[in-house]
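Engineer: Following is a predicted model, sequence given first.
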Amino acid sequence: MNKLAIAIAVSLSFSGAAAADTGAFADLLAASAGLTAPAAPVVPGAVPASAADRALKTDVSDLAVPQADALVAQARAAGYAVFQLDGSRMTSKPALMAHVAKVLGLPKDMDNWDAMIDYMGDMPQIHCNDKLLVVVRNSSRIKSADQKLYADFRDVVQLSVQRATQGRDYVVNIKFVFVP
């Protein structure tokens, strides 16, 4: 293996971008295991660039607790309205609907997925903010209680983001982060 390949592997492994890679890239990482690189400066409370980029460039993402906590702080500082849902209170469809309506300030008559898509898609107008971050904490509790409910909710979230961002004459940033 050449030194350039080892240097690239080391660089990516220190950035965290290659943490989940396998195959040939994993071989590069293994070959570089004995090499060291200077430590990157640590900024307290900062989300690693790769996690922040993924979370803010994708509409729906998954983050670990520390990354989500840091992202919430950064989002608030950037003017985002931040809402935090508790998956442990969302283990049935009626409970999920009620909790989402209450926490997100949506009308309480939400009784089906289509209504939820419409209301969540209207959140920029409801909250007079075109930058919204919704963090679903304990999302694994929804999934362990009812996998179909979890899958349906993620689909609804994605459709809500599409509804919120399409056909606007201004940019809307609405992001959902699921935290186990």
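Structural biologist: Received it, and whenever you're ready, just let me know what you need.
Engineer: Which parts of the protein are strands?
Structural biologist: Using DSSP state E, the strands of the chain run over residues 60-62, 81-86, 131-137, 173-178.
Engineer: Burial-wise, tell me which of these comes out on top.
Structural biologist: Among the strands of the chain, the stretch with the highest mean neighbour count (mean count of other CB atoms under 10 Å) is strand 173-178, at a mean of 24. In this view, the C-beta of every residue, glycine as well, is placed from N, C-alpha and C.
Engineer: Roughly how far does the nearest residue to Asn138 once chain neighbours are set aside sit from Ser139?
Structural biologist: Counting by CB to CB, 6 or more residues apart in numbering, Gly87 is the residue found nearest to Asn138 once chain neighbours are left out, at 3.7 Å. Here the criterion is CB to CB, to the nearest Å. By it, Gly87 lies 5 Å from Ser139.
Engineer: Other residues contacting whichever helix in the chain runs longest?
Structural biologist: Scanning the chain for the helix with the most residues, using DSSP state H, yields helix 147-165. Contact partners of helix 147-165, identified using CB atoms under 8 Å, 6 or more residues apart in numbering, comprise 59-60, 90-93, 96, 113, 116-118, 120-124, 134, 139, 142-143, 172, 174-176, 178.
Engineer: ok, 7 Å please
Structural biologist: Here helix 147-165 makes contact (CB atoms under 7 Å, 6 or more residues apart in numbering) with 59-60, 93, 96, 113, 116-117, 120-121, 123-124, 142-143, 172, 174, 176.
Engineer: got it, and stretch 81-99?
Structural biologist: So stretch 81-99 is contacted by 72, 75-76, 100, 103-104, 110-111, 116, 127, 129, 131-142, 145-146, 149, 153 (CB under 7 Å, 6+ apart).
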